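Predicted model, plus sequence, below.
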Amino acid sequence: MKAFLLAAGLGTRLRPLTDHTPKCLLPIGGRPLLSYWFQLLKGHGVTEVLVNVHHRAADVEGYLEAEPPPVPVRLFHEPTLLGSAGTVKANAAWVAAERDFLVAYADNLTDVDLTSLVDAHRRGPFDLTVGLFRTDRPSECGIATLDERGAIVDFCEKPADPPSNLANAGIYVASPALLDVIPDTRPADFGFDVLPRLIGRMQGVPLDGFLLDVGTHERYERAQQAVGRLVFPA
């Protein structure tokens, strides 16, 4: 199984830490955030990872050369950011022949059970399975409303009046049919440009495990305190 690991963000909310270090390489518990993702993906059977890069791309390349990851990685450099969905569309040929594939935002520190998410996707008739978590900040997230089958019947990015607290975790399992839904305009974002087009064709699955967006100084400090409690597959 292949996985997109979206790591090209500027990390502006973490400045000055990200002025000289890309967010995906910020150390947590003495290790770059990216290394936890490689460990998680490898442990759940991913056989190849595509990492998109933009800000300080040479630093990511140097890290991979100095510390070869446990799973094959290809870098995709974006001189201009394509957006979360735009990256996937630009690399459609890489996954077009796959049964399904993963997409994950590298902003998160997590040990969620990716295998159970993949299994849920393969049991259902949906083109996309969205990993969800319960948030106490729903107006800052993409919020999903589910029906009795778990199908997403409404999705709104950062709503002023959130209908629920089930939030998009930035982890997806997709069938190749997703590629036809992503618009050709750039940048293209999953939350704004893709998920609203998939109402009735995607399901939401609450995730098991720890998940924390490390995109602010406060949450970055929380990640330092929590990382020792994470459990990864052997």
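Yep, that arrived. Numbers count the residues shown, from 1 in each chain.

contacts and neighbour counts: CA atoms only from here.
Fine.

The lengthiest strand in the chain packs against which elements?
Among the elements of the chain assigned as strand by DSSP state E, the one spanning the most residues is strand 166-174. Packing partners of strand 166-174 (3 or more CA pairs under 8 Å, 6 or more residues apart in numbering; DSSP states H and E): strand 101-105, helix 114-123, strand 128-134, strand 142-146.

Which of those sits closest to D154?
strand 142-146 (5.1 Å; CA to CA).

Output the below-cut-off pLDDT ranges for the protein.
11 (pLDDT under 70).

can you pull out the strands in it?
Counting by DSSP E, the strands of the chain are 2-6, 27-28, 31-32, 48-53, 73-77, 101-105, 108-110, 128-134, 142-146, 152-157, 166-174, 202-206, 211-213.

Out of those, which gets nearest to R229?
Closest approach to R229 among the strands of the chain (CA to CA): strand 108-110, 10.4 Å.

which neighbours does that closest one have in its sheet, and in what orientation?
Its sheet considered, strand 108-110 pairs with strand 211-213 (antiparallel) by DSSP bridges.

what distance separates the partner strand from the centre of its chain?
Offset of strand 211-213 from its chain centre (CA atoms, centre = their mean, to the nearest Å): 11 Å.

mind listing what the closest residue to L6 other than its chain neighbours touches?
Excluding its sequence neighbours, the residue lying closest to L6 (CA to CA, 6 or more residues apart in numbering) is Y105, at 4.9 Å. The contact partners of Y105, by CA atoms under 8 Å, 6 or more residues apart in numbering, come to L5, L6, A7, G170, I171.

I am finished for the moment; much appreciated.
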